[in-house]
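*Asks:* got a predicted structure plus its sequence, pasted below:
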Amino acid sequence: MRTEQSMRRPPAPPKPQLLKSADLSMIDPSWFGKIEGRDIGTQATILFFSTEEIGDGPPLHTHTYDELFLIGSGRARFTVGETSFVAERGDVVFGPAHIPHKFENLGPDPFQTTDIHLSDHFEQVELE
């Protein structure tokens, strides 16, 4: 016997989309913005961050999900839990769920990162 649930059609798959950088930027001329996965039907949220200011970066914080940082330019000191290291252009940093982390631009060049949050939305608990 078929139940009401088994008779329902599965949800339609997300459609391919082009998201223009001009629509994502929240602060000009810096490269800063985000795409929340739930807005486009996926389980990943992407943040874009760029700064020229040495020492700039987010405060120590956590997420309930894993995060990946793809370094596009510059150098930054990352602190992830008890580990600290320098990441630079082309590197990828992994921040596990619930582990406090932060980074700061070391200069002298602008620092730019694309951060992939493995969640359909952005949430952050700041610790400092």
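*Replies:* Good, I have the coordinates.

*Asks:* helices or strands up against the one helix or strand residue 77 maps to?
*Replies:* Secondary structure from DSSP states H and E places residue 77 in strand 75-80. On a contact count with 3 or more C-beta pairs under 8 Å, 6 or more residues apart in numbering; DSSP states H and E, strand 75-80 meets strand 83-88, strand 92-95, strand 101-105, strand 111-117. Using the backbone N, CA and C atoms, a C-beta is placed for each residue, glycine as well.

*Asks:* adding distance to residue 62, mean pLDDT and mean neighbour count, write those out as CSV.
*Replies:* Listed next are the helices and strands packed on strand 75-80 as CSV, based on distance: least, C-beta to C-beta, whole Å; pLDDT from 0 to 100; neighbours: other C-beta atoms under 10 Å:
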stretch, distance to residue 62, mean pLDDT, mean neighbour count
strand 83-88, 15, 94, 12
strand 92-95, 9, 93, 16
strand 101-105, 7, 97, 21
strand 111-117, 12, 94, 21
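
*Asks:* give me the residue at the spatial middle of this structure.
*Replies:* In the chain, the residue lying closest to the centroid (C-alpha atoms, centre = their mean) is residue 115, at 2.6 Å.

*Asks:* from memory it sits against residue 71, does it?
*Replies:* No - judged on C-beta atoms under 8 Å, residue 115 makes no contact with residue 71 at a distance of 10.1 Å.

*Asks:* for the strand holding residue 77, give the mean pLDDT please.
*Replies:* For strand 75-80, mean pLDDT is 95.

*Asks:* quote the end-to-end distance of stretch 103-113.
*Replies:* 11 Å (C-alpha to C-alpha, to the nearest Å).

*Asks:* my read: residue 49 touches residue 104, true?
*Replies:* No - under the criterion of C-beta under 8 Å, residue 49 makes no contact with residue 104, lying 11.7 Å away.

*Asks:* tell me the contacts of residue 37?
*Replies:* With contact set as C-beta atoms under 8 Å, 6 or more residues apart in numbering, residue 37 has these partners: 43, 44, 45, 119, 120, 121.
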